[in-house]
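J.: I would like to see how this sequence folds:
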Amino acid sequence: MYRLLAICMLMFSGGVASAADCVILLHGLARTAMSMNAMQRALDEEGFETANIDYPSREFEIERLADIAVDHGLEVCRSIDDVQRIHFVTHSLGGILVRQYLSEHEIGELGRVVMLGPPNQGSVAVDELQAMPGFDWLNGPAGRQLGKGEDSVPLKLGPAGFELGVIAGNRTIDPVTSAVLDNPDDGRVSVEDTRLDGMDDFVVVEHSHAFMMRMRRPIDLTIQFLKNGSFGD
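T.: Below you'll find the predicted structure:
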């Protein structure tokens, strides 16, 4: 009797309404899945299934990282019963991995994508700072592909052919990098360079690149877009 009651309560709980939706979280360059933990917890509380993916961001070029990270996320989401739509929430490089993957593959269950601080038009900081000692150690092969030069992967990829919301930051904790970026910027990429043709919504938040994915407002905006296809601002 009590077990039956518990099952009925679970079936009609708010979380199960979104149980058919799974969100793949992809962290940024030189970060780990831990950097997306706050976002993951909030999505879990809203009833989404989640796959917070760790991938070796400093070891390979973008093309290989895209296959490694996205394929892993799809495997996790597709292993969950009744998943019908698969969304993405990305930080920085993670957004470029999604664009790269979708340029070569179709995802039949693809839902919505939210990118936080994506260098969609490349970042001039890469071109200006890559000669500095330690750049390759810190950023790996993918780091050199995020500039605006001939090696730029973001500039070779096309417009968004999927539902996309972009969240840009306009605060910085890195005055050295910000000195070479157009203002406003988030310390890694200018607000203007986060934009992408074909995006459905765009919003600027008062946070830095390093921490925006952990902050309440970007998290709330992300959930809003995943549910409604708009940031609602």
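J.: shaky segments in the protein?
T.: For the chain, applying pLDDT under 70 flags the ranges 1-19, 233.
J.: nearest residue to the middle of it?
T.: Central residue of the chain (Cα atoms, centre = their mean): residue 90, 0.8 Å from the mean position.
J.: can you name the residues that contact that residue?
T.: Listed by Cβ atoms under 8 Å, 6 or more residues apart in numbering, the contact set of residue 90 reads 25-26, 28, 97-98, 113-116, 118. In this view, the C-beta of every residue, glycine as well, is placed from N, C-alpha and C.
J.: residue 228: which of these is nearest?
T.: Proximity of the contacts of residue 90 to residue 228 was ranked by Cβ to Cβ; the top entry is residue 114 with 11.8 Å.
J.: so what's the closest one up against?
T.: Residue 114 makes contact with 87-90, 164-167, 221-222, 225-226, according to Cβ under 8 Å, 6+ apart.
J.: rewinding a little: quick one: the residue nearest to the centre of the chain from residue 82, how far?
T.: Relative to residue 82, residue 90 is positioned 24 Å away (Cβ to Cβ, to the nearest Å).
J.: quick one: contacts of stretch 209-224?
T.: By Cβ under 8 Å, 6+ apart, the list of residues contacting stretch 209-224 from outside reads 35-36, 38-39, 42-43, 46, 89, 91-92, 114, 116-117, 165, 167, 169, 172-174, 186-189, 203, 205, 207, 230-233.
J.: related to what we said a few turns ago, export the contacts of residue 90 as CSV, with columns for distance to residue 181 and secondary structure.
T.: Below are those laid out as CSV (distance: Cβ to Cβ, whole Å; DSSP: H, G, I helix; E, B strand; the rest coil):
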residue, distance to residue 181, secondary structure
25, 26, strand
26, 23, strand
28, 16, coil
97, 22, helix
98, 23, helix
113, 24, strand
114, 22, strand
115, 18, strand
116, 17, strand
118, 15, coil
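J.: just the terminal-to-terminal distance for stretch 117-133.
T.: 25 Å (Cα to Cα, to the nearest Å).
J.: what residues does that stretch touch?
T.: 28, 90-96, 99, 135-136, 143-144, 146-149, 152, 154-155, 166-169, 177, 180-182, 186, 188-190, 192-196, 209, 212-213.
J.: make a ChimeraX selection of the buried ones in those residues.
T.: Applying 16 or more other Cβ atoms under 10 Å to the contacts of stretch 117-133, the buried members can be selected in ChimeraX as follows:
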select :28,90,91,92,93,94,95,96,99,143,144,146,147,148,152,154,155,166,167,168,169,177,181,186,188,189,190,193,194,196,209,212,213
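J.: among the contacts of stretch 117-133, which lie within helices?
T.: Among the contacts of stretch 117-133, DSSP state H puts 93-96, 99, 135-136, 143-144, 177 in helices.
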